[in-house]
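**Q** need a structure here:
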Amino acid sequence: MALPNGNPSAQPTFLLAPSNYSLVDATEDANRIYWLLEDGTLSSCLLATCNASNKKNLVTNIASPTGLYQDSQYLYYTSFASGQGLLMRVAK
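**A** Numbers count the residues shown, from 1 in each chain. As a prediction, this is how the structure comes out:
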């Protein structure tokens, strides 16, 4: 239930990030959820059946990931490497 009547501390967990890594960003479309972890991994899975065992890693080793965006065909992620801010894309 949304605030102001819901309790944000009692919300069920959808998916846990691996130990010691924070979630940087997440987004979804009609079928999938996509998330970017602090360790530089961009992953996805189907909304209806998403869990840690059926996720798909789309990109790994992203340097200092900072954000995740999308359009109908691509996921865009931002990172910082070699003193430069980068905007990269990968097909969904």
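**Q** Closest to the centroid, which residue in the chain?
**A** Trp35 (0.9 Å; C-alpha atoms, centre = their mean).
**Q** now it, nearest residue through space, not along the chain?
**A** If the residues on either side of it in the chain are set aside, Trp35 comes closest to Ala26, at 4.2 Å by C-beta to C-beta, 6 or more residues apart in numbering. No exception for glycine: its C-beta is placed from N, CA and C like everyone else's.
**Q** That neighbour touches Leu42, doesn't it?
**A** No. Ala26 lies out of contact with Leu42 (C-beta atoms under 8 Å); the separation is 10.4 Å.
**Q** And the two? Which one has more around it.
**A** In this view Ala26 and Leu42 are compared by other C-beta atoms under 10 Å, and Leu42 has more residues nearby, 22 against 15.
**Q** measure the more buried one to Ala30 for me?
**A** 19 Å (C-beta to C-beta, to the nearest Å).
**Q** do the same with Ala48
**A** Look at Ala48 and Ala30: by C-beta to C-beta, they are 11 Å apart.
**Q** low-scoring stretches of the protein, by residue?
**A** Residues of the chain that meet the criterion pLDDT under 70 lie in 1-19.
**Q** In this protein, what residue spans correspond to helices?
**A** Secondary structure of the chain (DSSP state H): no helices located.
**Q** now the strands for it?
**A** In the chain, the strands defined using DSSP state E lie at 23-28, 32-37, 42-46, 56-59, 65-70, 74-81, 84-91.
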